[in-house]
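Visitor: coordinates for the following, if possible.
(chains A and B)
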Amino acid sequence: MSAVTLHAAPQWRDAVLEQIRVTGLSLRRDALVVVAAVLGFGTVMIVGEILSGGPGFDSDETFPTALFSFFYPFLVWRNDKRFGPAFLWTLPVDRRRLALAKVIAGFVWLMAAVAFFGTWLVALGLLADVSPGRALMRIPFIATIGAYLLGSALVLGLRHAVRWTFGTAGLLFLMGMIGDIVSRPDDSEWKYVPGARALFATVQQFVTAWLNVPDSAQWAITTFLWFGAGLAALWAALSRHGERRRH
Amino acid sequence: MLELHGVSHIYPNGTRALDGVTLSIPRGMYGLLGPNGAGKSTLMRTIATLQTPTEGTVRFGDIDVIREPEKLRRTLGYLPQDFGVYPRVSAYDMLDHMAVLKGVATPADRKTTVETLLHQTNLWSVRKKMLSGFSGGMRQRFGIAQALIGNPGLIIVDEPTAGLDPEERNRFLNLLAEIGESVVVILSTHIVEDVSDLCHRMAVMADGRVQLEGSPQQLMQSTRGRIWMKVIERSELARYREQYEILSTRLFAGRTVVHVLSDRDPGNGFTSVDAGLQDVYFSTLAQSRRAA
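Guide: Model prediction:
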């Protein structure tokens, strides 16, 4: 039996760096569109608020970066066949590691985008005479990272991630509407639906307890929950991409 | 040499896509011919380590492909039917990316590899163009370029000429012929001419089984004297189908040319013709259908 000459397998570090490069290249055009839209719309909004004497940067509203970062993995993975006999899985890189490298690549570009967005906010804040710290407070960093991890887990773990996401959102919306309709005779708020009252009370208790937690402890718990849930979900999703072999 | 022994694959829905496939594939171009649904793509994916067969063994030289898929991937070049990754990346960047993921580590080596392959596949002039802007033929040539990275010992091309115009097909086949001298190249197709033009050996698959195996010349020899031809009117075709085992029909100058399989002279104006690979293919499929 003849021995086959094998070429070298890539180093893990090289694979990660390469994924960062090619993910950046494939997202270039989308990034330009998003940047133009966000900056244009955001600038008009904030400058408009400032000029009209509105709250402007004194507002405590945060930007929906967490929502964006939840859907961003769909963009990162849109050209990859994630399940079944995908072409990229014939390369000499472990499937799970290659998938993880792409998650890391997406994360790097997300952080670059957040850094750019933060810089823009700081610049606008300086124009509006607001401290950089206060301007940056409007980006929910922890939630943004956590949402990215959860979004990535969803994309990697579910074959039909879009259907699941919109299906779940649709179901929740429908439940809310039904609750609203059912409770209309007494009150338009869903909390008065029989059976939902107990749930609402529990949620209310939880929120009250949460609001009374000291700031630093709240931050630590939030960080732990977001990251823990995100990493656990990502680990579970990646484990679906393990090599299947028969011994 | 690539050796498959008793390879079977049953999908979760119960479909038996491969049924005890045993093949020895030597160095050079090897054609795998069969109609859609014959099991060719399942076999290609199995050899390319994309799926594990339910039973059987696959060996390439000293590599046990089922147990050591990661080892085979270090000598594999694969061009699947559906090659669609990163359409918004240029050909050069994409080849460079694939080269890194195939272990070509140093930038200098990568540059040489990528530039050589772009020249070899005649894509140098469009190296900066995004893959989404490539024609079908250019995409297939790019597919071959990426499959050749790292000097693979085993190259698998799955239905590569489907949808190509004659000129692009010709160019692509010439490219395949160039590389098929020193390594094992498996060409899976349902286009008979692709196999007859290129392959030293071939197999015909149907219903997940290998129905016929050998060199195209041998196989054509085996049907010598059994293929008969007649030009008829189109309106007569239904009657001929009832009377004879028609292998194929084609139109010529508005009339229908029929080929039939028969051990004896069927009479009725039929004349003996030299069997082409197409006749071999159709007669094998006909036998397979009869046996089913």
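Visitor: mind pulling up the pLDDT for residue 81?
Guide: Going with chain A. pLDDT recorded at residue A:81 is 83.
Visitor: correction: the question concerned chain B.
Guide: The predicted local confidence for residue B:81 is 77.
Visitor: ditto for residue A:150
Guide: pLDDT, residue A:150: 93.
Visitor: remind me which helix or strand it belongs to.
Guide: Using DSSP states H and E, residue A:150 falls within helix A:141-157.
Visitor: how far is the biggest helix by length in chain A from where the chain is centred?
Guide: In chain A, taking DSSP state H as the definition, the longest helix is helix A:12-51. Distance of helix A:12-51 from the chain centroid (CA atoms, centre = their mean, to the nearest Å) equals 14 Å.
Visitor: give me the below-cutoff pLDDT ranges for the chain.
Guide: You didn't say which chain, so I picked chain A. A:1-2, A:50, A:53-61, A:179-201, A:210-211, A:213-214, A:244-247 (pLDDT under 70).
Visitor: actually, chain B is the one I wanted.
Guide: B:84.
Visitor: returning to that earlier point: mind giving me the packing neighbours of the helix or strand that the helix holding residue A:150 is followed by?
Guide: Downstream of helix A:141-157, the first helix or strand assigned by DSSP H and E is helix A:161-183. Contact here means 3 or more CB pairs under 8 Å, 6 or more residues apart in numbering or on different chains; DSSP states H and E; on that basis helix A:161-183 packs against helix A:141-157. (C-beta placed from N, C-alpha, C; glycine too.)
Visitor: give me the helices and strands touching the helix it packs on, please.
Guide: Contact here means 3+ CB pairs under 8 Å, 6+ apart; on that basis helix A:141-157 packs against helix A:65-76, helix A:95-127, helix A:161-183, helix A:215-238.
Visitor: go through those helices and pick out the most buried.
Guide: helix A:65-76 (a mean of 21; mean count of other CB atoms under 10 Å in any protein chain shown).
Visitor: could you check the angle helix A:95-127 makes with that one?
Guide: 140 degrees (axes from the mean of the first three to the mean of the last three CA atoms, to 10 degrees).
Visitor: tell me how far the residue lying closest to residue A:164 once chain neighbours are set aside lies from chain B.
Guide: Excluding its sequence neighbours, the residue lying closest to residue A:164 (CB to CB, 6 or more residues apart in numbering or on different chains) is residue A:158, at 5.2 Å. To chain B, residue A:158 is 18 Å away according to CB to the nearest CB, to the nearest Å.
Visitor: give the buried residues for the helix or strand containing residue B:230.
Guide: Under the criterion of DSSP H and E, residue B:230 resides in strand B:227-232. Neighbour-count burial for strand B:227-232, counted by 16 or more other CB atoms under 10 Å in any protein chain shown, picks out B:227-230, B:232.
Visitor: for chain B, what are the nearby residues on chain A?
Guide: Selection of chain A residues close to chain B by CB under 8 Å from any CB of the partner chain yields A:1-11, A:14-15, A:18, A:21-22, A:25-26, A:28-29, A:79-81, A:85-94, A:98, A:243-247.
Visitor: and the residues you listed, which are buried?
Guide: A:4, A:6-7, A:9-10, A:14-15, A:18, A:21-22, A:25-26, A:80, A:85-94, A:98.
Visitor: how much space between residue B:77 and residue B:184?
Guide: 10 Å (CB to CB, to the nearest Å).
Visitor: if I look at residue A:41, how far off is residue A:178?
Guide: 34 Å.
Visitor: ok, residues contacting stretch B:34-50?
Guide: With CB atoms under 8 Å, 6 or more residues apart in numbering or on different chains as the test, stretch B:34-50 has contacts from A:85-86, A:89-90, B:2, B:4, B:7, B:9, B:17-19, B:21, B:32, B:51-53, B:58, B:65, B:69, B:72-73, B:76, B:78, B:80-81, B:154, B:156, B:158-159, B:186, B:188-190, B:204-209, B:285.
Visitor: now do the contacts for residue B:191.
Guide: Counting by CB under 8 Å, 6+ apart, residue B:191 has contacts B:161-162.
Visitor: at 6 Å what do you get?
Guide: Going by CB atoms under 6 Å, 6 or more residues apart in numbering or on different chains, residue B:191 touches residue B:161.
Visitor: coming back round to it: wait, which of the helices and strands packed on helix A:141-157 is closest to residue B:88?
Guide: helix A:65-76 (11.6 Å; CB to CB).
Visitor: between helix A:161-183 and the closest one, find me the angle.
Guide: Using the same axes, to 10 degrees, helix A:65-76 lies at 140 degrees relative to helix A:161-183.
Visitor: for helix A:65-76, output the C-alpha coordinates as CSV.
Guide: Taking C-alpha atoms only, helix A:65-76 is exported to CSV below (Å, rounded to 0.1, in the frame of the first residue of the first chain):
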residue,chain,number,x,y,z
THR,A,65,-26.9,48.0,19.2
ALA,A,66,-27.8,44.8,21.1
LEU,A,67,-30.7,44.2,18.6
PHE,A,68,-28.3,44.8,15.7
SER,A,69,-25.7,42.5,17.1
PHE,A,70,-28.3,39.7,17.6
PHE,A,71,-29.1,39.8,13.8
TYR,A,72,-25.5,40.5,12.7
PRO,A,73,-24.4,36.8,12.8
PHE,A,74,-27.1,36.1,10.1
LEU,A,75,-25.2,38.5,7.9
VAL,A,76,-21.8,36.9,8.8
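Visitor: now do it and helix A:215-238, the angle between them.
Guide: 20 degrees.
Visitor: other SSEs contacting helix A:65-76?
Guide: On a contact count with 3 or more CB pairs under 6 Å, 6 or more residues apart in numbering or on different chains; DSSP states H and E, helix A:65-76 meets helix A:141-157.
Visitor: and the helix it packs on with helix A:161-183, angle?
Guide: 110 degrees.
Visitor: contact partners of helix A:141-157?
Guide: By CB under 6 Å, 6+ apart, helix A:141-157 touches A:65-66, A:69-70, A:73-74, A:77, A:99, A:103, A:110, A:161, A:222-223, A:226, A:230, A:233-234, A:237, A:240.
Visitor: equivalent analysis for stretch B:79-95, please.
Guide: So stretch B:79-95 is contacted by A:25-26, A:79, A:87, B:114, B:123, B:127-128, B:130-132, B:142-143, B:147, B:157-159 (CB under 6 Å, 6+ apart).
Visitor: thanks a lot, see you next time.
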